[in-house]
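*Asks:* using only what follows, build the 3D model:
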Amino acid sequence: MDPVAWQYAWVLTYTARLDIPSRMMAMSTFRYRLIDTAGGEIGIVSDGRSSIDEDETVTLPDGGEGRVVEVYDDEVGQEGGVVATLVVDE
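*Replies:* As a prediction, this is how the structure comes out:
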């Protein structure tokens, strides 16, 4: 199981024990598409931040971190239901 899916499953299990509706937890996460500087897709990740700017760090699907070098939050960058497409320097 990939790390993002595992974290999401853990959050759902934990919130069920606390009797917090999972839909409330799901509303507080935002999906971002990550691509590398060559344009290759790294993956889609969930993050608690509603927006991410250049020079901030994001957690990569493999658990590492990358620095955001460019943000595409226009219509094309939001394709597939993501908040934005982030160009990440791994």
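
*Asks:* relative to E54, how far out is the nearest residue to A84 once chain neighbours are set aside?
*Replies:* In this structure, A84 finds its nearest non-sequential neighbour in D73, 3.9 Å apart by Cβ to Cβ, 6 or more residues apart in numbering. The way it works is simple: take the backbone N, C-alpha and C, and place the C-beta from them, glycine included. Applying Cβ to Cβ, to the nearest Å, the value for D73 to E54 is 11 Å.

*Asks:* which of the two has more neighbours?
*Replies:* The neighbour comparison of D73 against E54 (other Cβ atoms under 10 Å) goes to D73, with 16 against 11.

*Asks:* where in the chain is the helix or strand with the lowest mean pLDDT?
*Replies:* Among the helices and strands of the chain, helix 22-27 carries the lowest confidence by mean pLDDT, DSSP states H and E, at a mean of 53.

*Asks:* S51: which element?
*Replies:* Here S51 sits in a region with no helix or strand, counting by DSSP states H and E.

*Asks:* show the contacting residues for it.
*Replies:* Each residue near S51 by Cβ atoms under 8 Å, 6 or more residues apart in numbering is listed here: 73, 83-84.

*Asks:* how many neighbours does the nearest residue to E65 once chain neighbours are set aside have?
*Replies:* Spatially, and ignoring its direct neighbours in sequence, E65 is nearest to T57 (4.9 Å; Cβ to Cβ, 6+ apart). T57 is flanked by 13 other residues according to other Cβ under 10 Å.
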